[in-house]
Structures are given as C-alpha cells and as structure tokens.
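Undergrad: next comes the sequence, and after it the predicted model I'd like to discuss.
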Amino acid sequence: MSVVENLRKIRETLPGNVRLTAVSKFQPESVLWEAYNAGQRIFGENHVQELVPKYEHLPKDIEWHFIGHLQANKVKYIAPFVHTVQSVDSLRLSEEINRQAGKHNRKVNVFLQIHIAQETHKFGFLFEEVEKLLAERAFDALKNIRITGLMGLATFTGDALQIRREFSSLHAFFLKIKNIYFASDTFFNELSIGMSDDYLIAIEEGSTTVRIGGKLFGERIKN
C-alpha cells in the first residue's frame, strides 16, 4: 500500500481535534515528498543530523517537530528553524533551547516529556518534578520558549489496559497543571501521546497529537 493510501486511512481514524505528526526518521526525502504532496505538513524527526538536511531540502512550510532525546549540545543546529521540541526532559535542556532560540530572535514551542512508562531507560520528568518547577516559576525567565503541552511514551507492552492507564494518568496530569499554572494561556493545549500501535487508545484518552511512522511509511531502513 502506498504512503498516500496509508495517510488517507490514518486520517480517517483521526478526530478533527487530533493532529498527525508523521515520524519520518530513517525515511528518504522522496517518501516525505509523497506525504507532503498528499497534504501532510507536520513531520517528526529523532536525530539532529538527519533533520537538518531534510529541512534544507524540503519545502519551508513544513512544521518540523523534534521528538527524540535531544542533547543540549545539538540544540544550536535546529534552533534556527524547528517549530516544536516535543521531548524536553530537563530544565537544562529548556534553558539551552531558550538560549539558542534567542540568538535567532525566535520562540520555540516545547512539550515537557513526562515519564509514564515502566521502563527505566525512557526519558522524562516525573510528575512531581514538573509541579515543583512550575510552582517555583523556573520557566518564567525563558522568554524564547513557549510550553505548549506535554508528551509521554507508554510502556512497550501488549497490555492495552496498562497503556490506557499510563495515558489516562498523563491526561489527568495535563488537565491538573493546565488549570493551576496555564489557565489563562490558550497555547497550552497539546497532549502528545500515541504512536502507530497505540494511537487509537491515546485518542480515547485525550491525545491531541499522535506520532505515527511505521503505519504511515512502512518499515524504516537505517543507512
């Protein structure tokens, strides 16, 4: 089945309030062009060294999202153009994105990545860490970033109930901090949960952005 047909089928499953981030890591630019020509405008990449040339070669109306673990020393390479960093997992990374975005007189959107999975190797803030930082107004001085939502990765498991519980816990936390810390900020409205295998559960649990790669592009091939 073609990328265009896959994209059509995925879109049919998405409510009007849910956006698709097309996860294009390890995919050639020709495949991205297929999705672009079919109307897709949000693409997500996990590796800086792959994102930069794709940005340079593809149309400039693409909204590039960085969705993988981002090292602070690589922020400078994407700060001139990245629309959203979905995977901010430390205050230090927030500060570096702010610093590099300021050099280009830009404001970069960020999602705070929350650790909701059972696997310890996955990145992200704990719930209590985020609440402490927000209560202490730790982000207030960072004028070149805008916290627009939260992101989370569920445990890699076939247990749908566990995945649902993890997504539900993050949605509840999203609503809690929105009401306490972002009540007057209309831009804090994104919850990025759900990938190819679990995005339908994520939508039921409040996702506004799903990250889909394999179901859209097929198997990824590493160079």
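TA: Perfect, thanks for sending it.

Undergrad: count the residues that sit near the residue lying closest to K103 once chain neighbours are set aside.
TA: Nearest residue to K103, sequence neighbours excluded (C-beta to C-beta, 6 or more residues apart in numbering): A79, at 6.9 Å. All C-beta atoms are positioned from the backbone trio N, CA, C, and that covers glycine. Per other C-beta atoms under 10 Å, the neighbour tally for A79 reads 21.

Undergrad: quick one: A79 and I97 touch, right?
TA: Yes. The criterion here is C-beta atoms under 8 Å, and A79 meets it with I97 at 6.9 Å.

Undergrad: quick one: common contacting residues for the two?
TA: V108 (C-beta atoms under 8 Å, 6 or more residues apart in numbering).

Undergrad: residues in contact with the residue nearest to K103?
TA: Counted by C-beta under 8 Å, 6+ apart, A79 has contacts 97, 100-101, 103-104, 106, 108.

Undergrad: same thing but 6 Å
TA: Listed by C-beta atoms under 6 Å, 6 or more residues apart in numbering, the contact partners of A79 are 100-101, 104.

Undergrad: let me know the helix or strand that E50 is in.
TA: Taking DSSP states H and E as the definition, E50 sits inside helix 48-57.

Undergrad: any idea of the pLDDT on the spatially most central residue of the chain?
TA: The chain has Q86 as the residue nearest its centroid, 3.2 Å off, counting by C-alpha atoms, centre = their mean. On pLDDT, Q86 comes in at 98.

Undergrad: put the alpha carbons of the helix or strand harbouring it into CSV.
TA: Using DSSP H and E, Q86 falls within strand 84-88. What follows is strand 84-88 as a C-alpha-only set of coordinates in CSV (Å, rounded to 0.1, in the frame of the first residue of the first chain):
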residue,chain,number,x,y,z
THR,A,84,8.4,22.3,18.3
VAL,A,85,10.6,20.2,20.5
GLN,A,86,8.2,17.5,21.9
SER,A,87,10.8,15.9,24.1
VAL,A,88,12.1,18.4,26.6
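
Undergrad: going forward, begin numbering at 36 instead of 1
TA: Will do, 36 is the new start, and the previous item becomes strand 119-123.

Undergrad: on that earlier part again, give me the next element, helix or strand, following the helix holding E85.
TA: strand 98-101.

Undergrad: residues of that following strand that come out buried?
TA: Buried residues in strand 98-101, defined by neighbour count with 16 or more other C-beta atoms under 10 Å: 99-101.

Undergrad: which helices and strands sit right next to the strand holding Q121?
TA: Identification of packing neighbours for strand 119-123 by 3 or more C-beta pairs under 6 Å, 6 or more residues apart in numbering; DSSP states H and E yields strand 98-101, strand 143-149.

Undergrad: next SSE downstream of it?
TA: Following strand 119-123 toward the C-terminus (DSSP H and E): helix 126-138.
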